[in-house]
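Asks: what follows is a protein structure lacking sequence information:
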């Protein structure tokens, strides 16, 4: 049997995403931004920047690693220069980082978002847009919101390439109203006959 794929429109672009099993009861369509190519990310960044432009964004923030290509393109297309990264991997410059716990659906381990204290001045009192590749459970986005608000950022919008199912809506509560996406994808459940069915709830 060949690899299962799922076709999704991301803004004006359509892509075929591989569907991979996380468990016997759950499969996901994987969007890997670092594999999408420069032209795709530039166009997606342009389209997301156009959606975020009315929010008068001062700086873009994202979660490493998959959000970085999108943050670069959105920042560029908004005519800005600086963006900030919330890291999940400890680095030497993050020894004294501001930290917020997070658990990701695709990592299956407790992690921490880490933010370089030297960058606090770049977001404090500023209009910040959080961008990320996929919003799934809302865990990473929620942690980013808590961390950035904790250092004085004014979050004005949340942008993503795709939302996945809808668990993120409950997880983010009122903040879900800030989410702007170029597309949406379901998760997948076994149908009992060797196939998969779309689950838009999650």
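Replies: Okay, I see it. Remember, it's a predicted structure, so these values are computed and weren't measured experimentally. Numbers count the residues shown, from 1 in each chain.

Asks: show me the contacts for the residue nearest to residue 58 when sequence neighbours are not counted.
Replies: Spatially, and ignoring its direct neighbours in sequence, residue 58 is nearest to residue 126 (4.0 Å; Cβ to Cβ, 6 or more residues apart in numbering). Quick note: C-beta positions are derived from backbone N, CA and C, even for glycine. Residue 126 sits next to 58-59, 153-154 when contact means Cβ atoms under 8 Å, 6 or more residues apart in numbering.

Asks: in strands only, show me the residues you listed.
Replies: 59, 154 (DSSP state E).

Asks: ok, and the most crowded of the contacts of residue 126?
Replies: The residue in the contacts of residue 126 with the most neighbours, by other Cβ atoms under 10 Å, is residue 153 (25 neighbours).

Asks: against residue 146, how distant is that residue?
Replies: For residue 153, the distance to residue 146 (Cβ to Cβ, to the nearest Å) stands at 11 Å.

Asks: now for the contacts of residue 126, which pair is the farthest apart?
Replies: 59 and 154 (10.5 Å; Cβ to Cβ).

Asks: any shared contact partners between those two?
Replies: Common neighbours of residue 59 and residue 154 (Cβ under 8 Å, 6+ apart) are 126-128.

Asks: among the residues you listed, which are in strands?
Replies: Those of those lying in strands (DSSP E): 127-128.

Asks: now do the SS call for the residue positioned nearest the centre of the chain.
Replies: By Cα atoms, centre = their mean, the chain has its centre lying nearest to residue 132, at 2.3 Å. Three-state assignment for residue 132 (DSSP: H, G, I helix; E, B strand; the rest coil): strand.

Asks: beta partners of it?
Replies: Note on residue 132: beta-bridge partners residue 160, judged by DSSP bridges.

Asks: parallel or antiparallel, which strands does the lowest-mean-pLDDT helix or strand in the chain pair with?
Replies: Lowest by mean pLDDT, DSSP states H and E among the helices and strands of the chain is strand 98-103, with a mean of 88. Partners of strand 98-103 in the sheet, by DSSP bridges, are strand 110-115 (antiparallel).

Asks: in the strand it pairs with, what counts as buried?
Replies: 111-115 (16 or more other Cβ atoms under 10 Å).
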